[in-house]
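Undergrad: sharing a sequence plus its predicted fold:
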Amino acid sequence: METYERLLENAIEKIPKKAHEKDRFQIPQAITEIQGNKTLIKNFSDIAGTLRREPGHLMKYLLKELATPGNIQGPALILQRKLPQDFIQQKIVNYVNEFVLCKVCGEPDTKFVKEGRITFIHCDACGGRSSYRHI
């Protein structure tokens, strides 16, 4: 007779690998580099592309949250002060939670939809829509 633990291990082995995957959406890691008094987010355009958001919107949010001026130069965002990578990453996670993930189902399949003068976050997965604060 098999033990409960062995039966459980057998059951886990039979589950398809796809069911083990945590999520199909992973928040991209910021690759940063400090040059003098500036911080570069070297993969900024890739982050904006993965989040399916305009780089200008993401930049405006980060500049306000990080309290620093900056500009986009090629695929990088240049911030005008030294900032630790984990602090920048936390701000990107906050952006995803506020402007990317659906408030109804939690999926990242959202886009901004303007109706009249009001812009909503519309979810392609569940059809839900929610308002958001302007930056």
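TA: Nice, I can see it. Numbers count the residues shown, from 1 in each chain.
Undergrad: next structured bit after the helix or strand bottoming out on mean pLDDT in the chain?
TA: In the chain, no helix or strand scores lower on mean pLDDT, DSSP states H and E than helix 17-20, which sits at a mean of 49. As assigned by DSSP states H and E, the chain's next helix or strand after helix 17-20 is strand 32-35.
Undergrad: what pairs with that next one, and is each one parallel or antiparallel?
TA: The strands beside strand 32-35 in its sheet (DSSP bridges) come out as strand 38-41 (antiparallel).
Undergrad: which non-adjacent residue is nearest residue 56?
TA: Excluding the flanking residues, the one nearest residue 56 by Cβ to Cβ, 6 or more residues apart in numbering is residue 72, at 7.8 Å. C-beta: built from backbone N, CA, C; applies to glycine.
Undergrad: let me fix that, I meant to ask about residue 45.
TA: Using Cβ to Cβ, 6+ apart, the closest residue to residue 45 is residue 75 (4.1 Å).
Undergrad: does the one you found really touch residue 44, like I thought?
TA: Yes. Between residue 75 and residue 44 there is a contact under Cβ atoms under 8 Å: 6.4 Å.
Undergrad: and the most centrally placed residue in the chain, how far from residue 64?
TA: Centroid check for the chain by Cα atoms, centre = their mean gives residue 96 as the closest residue, at 3.9 Å. For residue 96, the distance to residue 64 (Cβ to Cβ, to the nearest Å) stands at 16 Å.
Undergrad: before we move on, back to that, the residue nearest to residue 56 sits in which helix or strand?
TA: Per DSSP H and E: strand 70-73 holds residue 72.
Undergrad: and what of residue 65?
TA: Using DSSP H and E, residue 65 falls within helix 55-66.
Undergrad: name the residues that touch that helix?
TA: For helix 55-66, the external contacting residues (Cβ atoms under 8 Å, 6 or more residues apart in numbering) are 41, 44-45, 47-48, 51, 69-72, 77, 79, 83, 87-88, 91-92, 94-95, 99, 135.
Undergrad: cool, thanks, talk later.
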